[in-house]
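Engineer: quick one, what's the 3D model for this:
(4 chains)
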4 protein chains.
Amino acid sequence: MSDKQSAAVFKAMDQFKIELPSWGFADTGTRFGKFFQDAAASTPEEKFHDAGLVHKLTGACPTVAVHVLWDFPADRTPADIAKIARKNGVKIGAINPNVFQDQAYKLGSFCSPDPKARKMALDHTLDSVAIAKETGSKLISMWLADGTNYPGQDNILRRKHDLEAAFKKIHKAMASNQTLLVEYKPFEPAFYHTDIADWGMAYLLAKAAGPRAKVLVDTGHHLQGTNIEHIVAVLLDEGMLGGFHFNDRKYADDDLTLSSIDPYAVFRIFDQILQHQFDTGKKTDIAYMVDQSHNLKPKLEAMVQTVEEAQKLYAKAALVDRKALAQAQKKGDIVGAERILRNAYETDVRHLLADWRLEKNLPAEPLEELRSSGIIARLGKERAAARKTRGESQSGSFA
Amino acid sequence: MSDKQSAAVFKAMDQFKIELPSWGFADTGTRFGKFFQDAAASTPEEKFHDAGLVHKLTGACPTVAVHVLWDFPADRTPADIAKIARKNGVKIGAINPNVFQDQAYKLGSFCSPDPKARKMALDHTLDSVAIAKETGSKLISMWLADGTNYPGQDNILRRKHDLEAAFKKIHKAMASNQTLLVEYKPFEPAFYHTDIADWGMAYLLAKAAGPRAKVLVDTGHHLQGTNIEHIVAVLLDEGMLGGFHFNDRKYADDDLTLSSIDPYAVFRIFDQILQHQFDTGKKTDIAYMVDQSHNLKPKLEAMVQTVEEAQKLYAKAALVDRKALAQAQKKGDIVGAERILRNAYETDVRHLLADWRLEKNLPAEPLEELRSSGIIARLGKERAAARKTRGESQSGSFA
Amino acid sequence: MSDKQSAAVFKAMDQFKIELPSWGFADTGTRFGKFFQDAAASTPEEKFHDAGLVHKLTGACPTVAVHVLWDFPADRTPADIAKIARKNGVKIGAINPNVFQDQAYKLGSFCSPDPKARKMALDHTLDSVAIAKETGSKLISMWLADGTNYPGQDNILRRKHDLEAAFKKIHKAMASNQTLLVEYKPFEPAFYHTDIADWGMAYLLAKAAGPRAKVLVDTGHHLQGTNIEHIVAVLLDEGMLGGFHFNDRKYADDDLTLSSIDPYAVFRIFDQILQHQFDTGKKTDIAYMVDQSHNLKPKLEAMVQTVEEAQKLYAKAALVDRKALAQAQKKGDIVGAERILRNAYETDVRHLLADWRLEKNLPAEPLEELRSSGIIARLGKERAAARKTRGESQSGSFA
Amino acid sequence: MSDKQSAAVFKAMDQFKIELPSWGFADTGTRFGKFFQDAAASTPEEKFHDAGLVHKLTGACPTVAVHVLWDFPADRTPADIAKIARKNGVKIGAINPNVFQDQAYKLGSFCSPDPKARKMALDHTLDSVAIAKETGSKLISMWLADGTNYPGQDNILRRKHDLEAAFKKIHKAMASNQTLLVEYKPFEPAFYHTDIADWGMAYLLAKAAGPRAKVLVDTGHHLQGTNIEHIVAVLLDEGMLGGFHFNDRKYADDDLTLSSIDPYAVFRIFDQILQHQFDTGKKTDIAYMVDQSHNLKPKLEAMVQTVEEAQKLYAKAALVDRKALAQAQKKGDIVGAERILRNAYETDVRHLLADWRLEKNLPAEPLEELRSSGIIARLGKERAAARKTRGESQSGSFA
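Structural biologist: Modelled structure (predicted):
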């Protein structure tokens, strides 16, 4: 590899940051049950500890996304939580309101036929905006479970209008440096229609909300076959790409760890972003976030592995020879253009990333470091004991 | 409609029985949470009461499928449970072992790399076979959640061999009048590979198990686009169709109520079954069962609606003019053959089914009867009060 | 059925018109070969004859969509073609430029990296706009095959920009009473990325083109699972639904005849349109068009069958009790609301449509009339003889 | 990389052979048209020349699959064709009967309702078996287009029975050292049901045919989401894997070049094969074949690129540390096991393969060699001239 290429990778690694979700350290599961891990985090302290540890190991995760309902218990102020974050060397990232879990949301939140549910969702989200302001967070990240399960169940356009009205109010309540991220998903938990089903609907809703609303792309929230990097390119071109929730999937919203099923697809997303940067000379502000439900992998291992994977694939994308690519494309040299992309993808960047880490005083192989450290076993013991002390049981199997 | 056609429908209705699942009356949900219903059944008494009520209203549901883990609490004997069923006018149907919920099954049941988990699954299933004998049930219905989430996680063929060995033992333990039903599913809760992923794998496993093992088709357990009626025809021809779990879906295993998304597809399944009967002159013994997770619809309403839908579509399939169809097919008259099928499908059989019901002293419109009866509201009050008395709360939202 | 309901259906039938494609009467096939029909139409005279016959039988197809490349041979003027149409009792409908067939379009048309190809596509389309003006057509219907087959093959956003520039020019060239319909398709013949891949991209392109550009929904141009009626509702709400290409599919863009695979899905599309009309009190101007490739069914039979199917499903949608539906939706009565929809769908409207046809002096059963008339056999003989006279062979198998 | 690893890769490369299809050098297209290449091969001489050239460049393609209809013109004997192959340094590989192109097969071949079509298909296939014997080919490779487009069109089980009867006769006609390969495909060109729709149906048909019938896996012939490597493992375990048709796809049967969309998925197929070899200590005889329709890439470039890709991914699979993998799997160390697989996949083997080629007196970079040689341009000129001389035009656009 040439020095120029090495330098490009180092520069890319210096820039690339990816946000971790606090809920990624807690027990999760499927509708068929949860499998528990002793070392899973339960309290805000534990979650930020774990996020801080991942940042210490990788140097790439300075912020932590939080879920208002789960991370801001009644007995703590937002300032308390922000303090815990700081203590662990990280900051509060995106604020995620939760408008799907309460029994009131059975028929939807902002889209419910029940005005009380709609008001409850709005109030909670406005509270979340306030928390964002208090904790210095610039991102309000909205994912709705709203939708219907049966044809005829509800009036689709009445729902759309109520949704737009609510998002306008939320947007109005935000500070001028805050961004509203609008996430879409084709199905689950709604199985007939989902109110924000695809990027087009998220785009329209963001446009209706106001100028500081953008679209959030969750890589697992697409129908089979969707060309995600194409959507990414279009949103970049329209100035409407706000950020990503990264994970991988083979079937539906499987929430597996990033790149575990299709690494080339993740590479192609990063490639479109760096191509846009190359073509426009501008760097778009994109919130890269992890959102996975690795319910079998050990939480901390899964997270460090994920960050390593993201770094490798971003580094490979930084290796694409964009001038040569443009020439091959112009000539219609399909095989030549493809090979330029593949040459970057097939380059083994592991040693290079190790060098970059050593330069930054980070462990050369973060996952190996974690696995050989005995930390997870220790945390498992401590947290199992602490849960016992608190009288908590890990339960939640579905029956 | 001709008298001959009416008679065909009446005869079809006399024969068509569909089994209800005990768990279909209890609260269910998605991985994002459960929404509770006051009238949801919790105890065996409540579940069999509800199943009995559906049978009283429809005359089509004499048996109830049970889940060993959920329906045979430690403080009751199988005989107790069978007695509760009889008291409510129904019988115990298929016995469903549960080998997915215990923490021991994190990496699989019969396929786990851990021999202890494999033994636990086998022991539980052999216990279930014993329960089946005690309760007079002729069906052991096996659905496994076994699979892996990540490439490389486990050795696929080691798993296959352990699975085959276990099923041989289970088959050996069964009585000579019992049938082992082998269910398949492409994904969820496993997201990389599922050990019994499709009908072909279920077929091979059933063949390996022994002559009394057959394949069970869950209509929601297929990849998008699968032609289910084709699989049904092939299994019928091979003498390997054991039964169905009916539900509907638009995306994945959505578990919506039967025919709510694609009624013509359900009709085509019934059509293949009646076509096979017509062509061979023999009636295959098929276990029709409902398996849905109607977590928003009121449980009892959903179940009665489901039975009505199944009856309507089965009745329509009984109206197909099979002699005329054979002639059109032989001539290669595509439009003519298709129209014969569609003429049956488009016929409105609702009045005819009402007539049949009145003849059987059943309410002409079971769902209307239920909805106007006030039963659900009454049960809701009683059961909410009973749960309070027992000190139970309806909880289970995922966090 | 009440008199009011019958009247609603009659009124719906009076209003419902569906355009036939001239190419729907010609031989078509798959990439594996074409199967020929003696009665297939080759010349403009034959195509308009057949379209006119379908209109005579059904009274529902006053216009015919034309393909510029195939229907305007060098030796005829647009006025000639319009005259042939009139002679057969129909008018020229949507004008479809063809920018995918010429060897120049190997790498795309408006999106090609080759400026000559882009210019050729634009020139042809501007010619098509001129033809539209000459023939009195108000619709320019654009489907592009543009896309790439391999990652890296071309610069996605360069293509987007060239596409937008071209559509602005086309829009500018149109008369003020003409509409530009922008069709989307996820894949085929491009298999990596398609430049107008989904409704969102079609929407953006139409907005970029100008105020008289709308989105065209081809029912077969969606990924598996897409909720098409939801897209239809959103486009209606945004004032951006221009029209439909109707067909059915089970897998990809199978181009089967309308409703042959999933009639309930087509009903739900009509339902959203009539719901929007009910809610707004306004009737949106929508171009309903057939676009199928029924390469096995006899062409004329397939077309008459298609029109009958469309009428039946539109009539059923007109039967939905929208006031009762709104009440059930407001109460969150899922089962009740669904049943209102299903009651309409399950109603057998065949006799009612026969009555409407008799009132209009049309054959009560158009398809039966056609099949028993011997017309197709006669046309087959005549056209086979004519082809012989012209020295043409029906060929085109792929090798 | 250790010497042991290098040796493993060299050994793998010595063993890995992949068959090229004669039709892969000819013009192909989609139903929307063909785009022509001057250098595309038309005659047997040209096709075998090109296949021989690819073998000369890569050393990995000693055999060529042939299509009976296209490669054995009436004026040549099978011996003539075999001689042309030998002259170009290659041998005749799998013999592919063609039972889909003739007008007689409109409603199917072996499954047609017309006994004449069924007989014609059988006669042609028996002729193909005879050709296989004459040319020394050990493989009869059967792909059928049989299926129906509309529900009700034909009797599915009548078709199944006729198909089984025919395959028994074909099997009987084969020599004892010949193998019958049974290919499956879910859809296209049939769009409602395909008679051999999945591996389970191919398995049953092969079993019915006789002991020398095996299943052929075309990587593009699966529904979205199918875990192909799982099917491969199951077929290996059952002794029923006959071979592969390699290509890649993003949506349907896109027939893109191998690994162009998802290289990791191809690696996982090779991994299952080498895992089976490791676990059983036996090497299964598998026919690796290319079957693509790279209608935009230059034919020869696409083929050499494909062989290089297959070699790279096979080499990576040979690098998996199978002992360590088994240990990690046994412990349930998900992350550890996955990393072992990924370490092999992420290793850049390009230099190693160049070394292996140089050792074999092959060009280190076959595709570069081809692209810089000017051969394709020369062939283009020669062949264009030859076509002109023969009075042939390259035509075939669909209209």
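
Engineer: name the helix or strand for whichever residue of the stretch 151-300 of chain A sits closest to chain D, please.
Structural biologist: Going by CB to the nearest CB, chain D is nearest to A:Gln224 of the stretch 151-300 of chain A, at 3.9 Å. No exception for glycine: its C-beta is placed from N, CA and C like everyone else's. According to DSSP states H and E, A:Gln224 maps onto no helix or strand at all.

Engineer: next one, pLDDT for it please.
Structural biologist: Looking at A:Gln224, its pLDDT is 98.

Engineer: ditto for A:Glu369
Structural biologist: Looking at A:Glu369, the pLDDT reads 98.

Engineer: related to what we said a few turns ago, mind listing what the residue of the stretch 151-300 of chain A closest to chain D touches?
Structural biologist: A:Gln224 sits next to A:Tyr251, B:Gln224, C:Leu223, C:Gln224, C:Gly225, D:Gln224, D:Gly225 when contact means CB atoms under 8 Å, 6 or more residues apart in numbering or on different chains.

Engineer: likewise for A:Tyr192?
Structural biologist: A:Gly147, A:Thr148, A:Asn149, A:Tyr150, A:Pro151, A:Gln153, B:Lys250, B:Leu256, B:Ser260, B:Ile261, C:Asn227 are the contacts of A:Tyr192 under CB under 8 Å, 6+ apart.

Engineer: which among the residues you listed are in contact with chain D?
Structural biologist: Among the contacts of A:Tyr192, not one lies near chain D by CB under 8 Å from any CB of the partner chain.

Engineer: skipping adjacent residues, who's closest to the residue lying farthest from the centre of chain A in space?
Structural biologist: For chain A, the largest distance from the centre (CA atoms, centre = their mean) belongs to A:Lys331, which lies 37.8 Å off. Nearest residue to A:Lys331, sequence neighbours excluded (CB to CB, 6 or more residues apart in numbering or on different chains): C:Pro113, at 7.6 Å.

Engineer: look at the one you found and tell me its secondary structure.
Structural biologist: Here C:Pro113 is recorded as coil under DSSP: H, G, I helix; E, B strand; the rest coil.

Engineer: how about the contacts made by it?
Structural biologist: Contacts of C:Pro113 (CB under 8 Å, 6+ apart): A:Gln329, A:Lys330, A:Lys331, A:Gly332, C:Leu107, C:Asp154, C:Arg158.

Engineer: ok, 7 Å please
Structural biologist: C:Pro113 makes contact with A:Gln329, A:Lys330, A:Gly332, C:Leu107, C:Asp154, according to CB atoms under 7 Å, 6 or more residues apart in numbering or on different chains.

Engineer: in strands, which of these appear?
Structural biologist: Judged by DSSP state E, strands contain none of the contacts of C:Pro113.

Engineer: what sits up against stretch A:59-77?
Structural biologist: A:16-23, A:44, A:48, A:51, A:54-55, A:78, A:81, A:85, A:90-98, A:101, A:128, A:131, A:141, A:289, A:307, A:311, A:360, A:362, B:399.

Engineer: tell me how far the ends of it are from each other?
Structural biologist: Start and end residues of stretch A:59-77 are separated by 28 Å (CA to CA, to the nearest Å).

Engineer: tell me the mean pLDDT for it?
Structural biologist: The average pLDDT within stretch A:59-77 is 93.

Engineer: which parts of that stretch are buried?
Structural biologist: A:59-72 (16 or more other CB atoms under 10 Å in any protein chain shown).

Engineer: interface residues of the stretch 1-150 of chain A facing chain B?
Structural biologist: A:29-33, A:35-36, A:70, A:100-101, A:103, A:106, A:145, A:149-150 (CB under 7 Å from any CB of the partner chain).

Engineer: in strands, which of those residues appear?
Structural biologist: Here DSSP E is the test, and the residues of the stretch 1-150 of chain A next to chain B give A:Gly29, A:Thr30, A:Gly33 as lying in strands.

Engineer: helix, strand or coil for A:Lys185?
Structural biologist: Per three-state DSSP, A:Lys185 ends up coil.

Engineer: then A:Ala65?
Structural biologist: A:Ala65 ends up strand, using three-state DSSP.

Engineer: ok, now A:Leu352?
Structural biologist: Of the three states, A:Leu352 takes helix under three-state DSSP.

Engineer: tell me the contacts of A:Ala85?
Structural biologist: By CB under 7 Å, 6+ apart, the residues touching A:Ala85 are A:Phe48, A:Val64, A:Lys91, A:Ile92.

Engineer: looking at this, the last one is in a strand?
Structural biologist: In other words, A:Ile92. Yes - under three-state DSSP, A:Ile92 sits within a strand.

Engineer: excluding its backbone neighbours, what's nearest it?
Structural biologist: Nearest non-adjacent residue to A:Ile92, counting by CB to CB, 6+ apart: A:Thr135, 4.3 Å away.

Engineer: my read: the one you found touches A:Lys83, true?
Structural biologist: No - using CB atoms under 7 Å as the test, A:Thr135 is too far from A:Lys83 to be in contact (9.8 Å).

Engineer: how much space between A:Tyr251 and D:Leu235?
Structural biologist: In this structure, A:Tyr251 and D:Leu235 are 21 Å apart, going by CB to CB, to the nearest Å.

Engineer: then A:Asp218?
Structural biologist: Applying CB to CB, the value for A:Asp218 to D:Leu235 is 35 Å.

Engineer: which one of these two has more residues nearby?
Structural biologist: D:Leu235 (25 against 21; other CB atoms under 10 Å in any protein chain shown).

Engineer: contact residues of the stretch 1-150 of chain A facing chain C?
Structural biologist: Close to chain C, as judged by CB under 7 Å from any CB, the stretch 1-150 of chain A has residues A:Leu107, A:Pro113, A:Asp114, A:Tyr150.

Engineer: identify the farthest-apart pair in those residues.
Structural biologist: Farthest pair in these (CB to CB) is A:Asp114 and A:Tyr150. Separation: 17.3 Å.

Engineer: ok so, going back, are any of the residues of the stretch 1-150 of chain A next to chain B buried, and which?
Structural biologist: For the residues of the stretch 1-150 of chain A next to chain B, a burial check counting by 16+ other CB under 10 Å picks out A:29-33, A:35-36, A:70, A:100-101, A:106, A:145, A:149-150.

Engineer: what sits against the residue in chain A that chain C sits nearest to?
Structural biologist: Residue nearest to chain C within chain A (CB to the nearest CB): A:Gly200, separated by 2.6 Å. A:Gly200 makes contact with C:Asp198, C:Trp199, C:Gly200, C:Tyr203 under the criterion CB under 7 Å, 6+ apart.
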